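J.: Compute the structure for the input listed below.
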Amino acid sequence: MPPFHLAFPVLNIEDTRAFYADVLGCIVGREAEKWIDFNFFGHQISAHVKPDQCETATTNDVDGDNVPVRHFGAVLDWSDWEVLQEKIKTSGIPFLIEPRIRFEGEAGEQGIFFLHDPSGNAMEFKTFKNMESLFDKS
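T.: Modelled structure (predicted):
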């Protein structure tokens, strides 16, 4: 699968680097005074300093959760997802939606959690018991 590229606004480089590199474990790529690239689980993301563009996303009700409409994230292997959620918990970063299992025992069984980065960008991390069900319609 080819990697995707995503550019998004952030408040500053320092907090962004600390979150993406130190907490999420992303490798830092190229950078300049007003932007920084990361290897985000095999994909390239570019954080651009643009404080006036940092705003909280509106939400939609999804299965009883207020899910931020504008969000990005990664689909991880189950064990990597468990490790990351524990790392987030111990870091003290609050979850928007606490880690939980959806559709338990069903074909689309998945783990999810949501959080904000330091600039308010919403992120979702998920996993599937059967990764082949990622694009299933059921």
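
J.: going forward, measure contacts between C-alpha atoms and count neighbours the same way
T.: OK.

J.: Next, the distance between the ends of stretch 119-131.
T.: In stretch 119-131, first residue to last residue: 30 Å (Cα to Cα, to the nearest Å).

J.: try stretch 91-100
T.: Terminal-residue distance, stretch 91-100 (Cα to Cα): 18 Å.

J.: Go through it and flag the buried ones.
T.: 96, 99 (16 or more other Cα atoms under 10 Å).

J.: From the chain's centroid, how far away is it?
T.: Stretch 91-100 sits 11 Å away from the centroid of its parent chain (Cα atoms, centre = their mean, to the nearest Å).

J.: and what of stretch 96-115?
T.: Put simply, stretch 96-115 sits 14 Å off its chain's centre (Cα atoms, centre = their mean).

J.: go on, stretch 37-52?
T.: On Cα atoms, centre = their mean, the centre of stretch 37-52 falls 12 Å from the chain's centre.

J.: then it to CSV, C-alphas only?
T.: The C-alpha trace of stretch 37-52 is given here as CSV (Å, rounded to 0.1, in the frame of the first residue of the first chain):
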residue,chain,number,x,y,z
ASP,A,37,7.8,16.1,8.9
PHE,A,38,7.3,12.8,10.7
ASN,A,39,7.2,9.1,9.7
PHE,A,40,3.7,8.4,11.1
PHE,A,41,3.5,4.6,11.1
GLY,A,42,4.9,4.4,7.5
HIS,A,43,3.2,7.6,6.2
GLN,A,44,4.4,11.1,5.9
ILE,A,45,2.8,13.8,7.9
SER,A,46,3.8,17.5,7.9
ALA,A,47,3.0,19.8,10.8
HIS,A,48,3.0,23.4,9.8
VAL,A,49,3.0,26.2,12.4
LYS,A,50,-0.3,28.0,11.7
PRO,A,51,-1.9,28.8,15.1
ASP,A,52,-4.9,30.6,13.5
